[in-house]
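J.: just coords:
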């Protein structure tokens, strides 16, 4: 497990799932085309815990169920302070680039598509977000997760430095 990844246990968490994207995919064989479905799902407790997963199956409902199970295996903890994120962050995955920035109360979630699903599942109420480059939902979700994994609040910094919380602010 790499440093910075904050894994979370799934027991006694009430997770809500959001379907980010569903695609019909085709496999061409000598007997013709075989259709199946691919679903990207984000789950979260809207209180700092979020995960994403990919499910593939020949039926839509089965693909979504598999996506939810996969998402529950990839949960992370994100610091959420007063309904927003601690600081602005830029992240990239593949061709997708994301920029997320804290916002004042009453702003709402200013984000599009895949980013909105992730940020709402995490429990962020006020945030400004911009996606640049690729609009591929899979890469956007992973780029948003990369940005959220880089988030550090004052408690994490104090613990990492081995000092008291007051010392972080007072120098």
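T.: Great, that's in hand. All of these numbers come straight from a predicted model, not from anything done at the bench.
J.: If you rank every helix and strand of this protein by mean pLDDT, what lands last?
T.: Taking mean pLDDT, DSSP states H and E as the measure, the helices and strands of the chain show their lowest mean at helix 165-170, namely a mean of 73.
J.: Give me the distance from that one to the chain's centre.
T.: Relative to the chain's own centre, helix 165-170 is displaced by 30 Å; criterion: CA atoms, centre = their mean, to the nearest Å.
J.: With stretch 121-129 instead?
T.: Stretch 121-129 has its average C-alpha position 11 Å from the chain's average C-alpha position, going by CA atoms, centre = their mean.
J.: what sits against residue 47?
T.: By CB atoms under 8 Å, 6 or more residues apart in numbering, the residues touching residue 47 are 80, 123. Every residue, glycine included, has its C-beta placed from N, CA and C.
J.: which outside residues touch the least confident helix or strand of the chain?
T.: Here helix 165-170 makes contact (CB under 8 Å, 6+ apart) with 154, 155, 157, 158, 161.
J.: tell me which of the residues you listed is nearest to residue 61?
T.: residue 155 (40.8 Å; CB to CB).
J.: Would you agree that closest one falls within a strand?
T.: No - read with DSSP: H, G, I helix; E, B strand; the rest coil, residue 155 is helix and lies in no strand.
J.: Leaving out sequence neighbours, find the closest residue to it.
T.: The shortest distance from residue 155 to any non-neighbouring residue, by CB to CB, 6 or more residues apart in numbering, is to residue 165 (6.6 Å).
J.: Sounds good, over and out.
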